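**Student:** Fold the following, please.
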Amino acid sequence: MSTKKTQPEEKGFFEKIKETIEEFWDGTKETAEDLKEKAEDKIDDIKESVVAKKKPVAKKATAAKTAVAKKVATITTEAKKEVAEVKEKAAVKAKAVTDKAKSTTAAAKKTTTDVKAKAATKAKDVTDKAKTEVAAVKKAATPKVAAAKAAVAKPAATAKRKVAAAKKA
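**Tutor:** As a prediction, the model looks like this:
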């Protein structure tokens, strides 16, 4: 016989949270890579346009290089800002999910503790009630048992005397 389970294993609450955080992180990395690629493409396009427009005059080439450098710096700065914003949003969402998981777990533990305490109290009450009822029944039965013993003892004593008298005779 196979010891493998026939059904897929169910994931726990914290494993689902971990997967969600990993998905956020993967999305953040992909966005950052896309932004980096766009910035590189834009830089290449700008460089190509500068090379195409390049004039033999040194002043114009220097001005174009400065403009390209400024545009590259601007685009790089924008890309860095966007990456930072995406990472910050992912961190905030991950923290919110983790906090929610912690509060849910704490509430479940509190509920479990309350239920256990109520069950213990109820069991104690039932046990105490049963003990009192048993004591009351024993107390009520004691005189009846004594009376029954006395009632049985009289005929038994009479019967013993008769048997003893019959043996002597």
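
**Student:** Every contact and neighbour count from this point should use C-alpha atoms.
**Tutor:** Will do.

**Student:** as a whole number, average confidence for the helix or strand that contains A96?
**Tutor:** Secondary-structure assignment from DSSP states H and E places A96 in helix 58-168. Mean pLDDT, taken over the full extent of helix 58-168, equals 85.

**Student:** Which secondary structure elements does it sit against?
**Tutor:** For helix 58-168, the elements it packs on are helix 13-53, judged by 3 or more Cα pairs under 8 Å, 6 or more residues apart in numbering; DSSP states H and E.

**Student:** hang on, the earlier thing: the helix holding A96 versus helix 13-53: what angle between them?
**Tutor:** Angular relation of helix 58-168 and helix 13-53 on a 0 to 180 degree scale: 170 degrees, by axes from the mean of the first three to the mean of the last three Cα atoms, to 10 degrees.

**Student:** From the chain's centroid, how far away is helix 58-168?
**Tutor:** Taking the mean C-alpha point of helix 58-168 and that of its whole chain, the gap between them comes to 14 Å (Cα atoms, centre = their mean, to the nearest Å).

**Student:** First residue to last residue on stretch 48-66, what's the distance there?
**Tutor:** With Cα to Cα, to the nearest Å applied, stretch 48-66 spans 15 Å between its terminal residues.

**Student:** count of neighbours near I46?
**Tutor:** 19 (other Cα atoms under 10 Å).

**Student:** distance of it from A96?
**Tutor:** For I46, the distance to A96 equals 42 Å [Cα to Cα].
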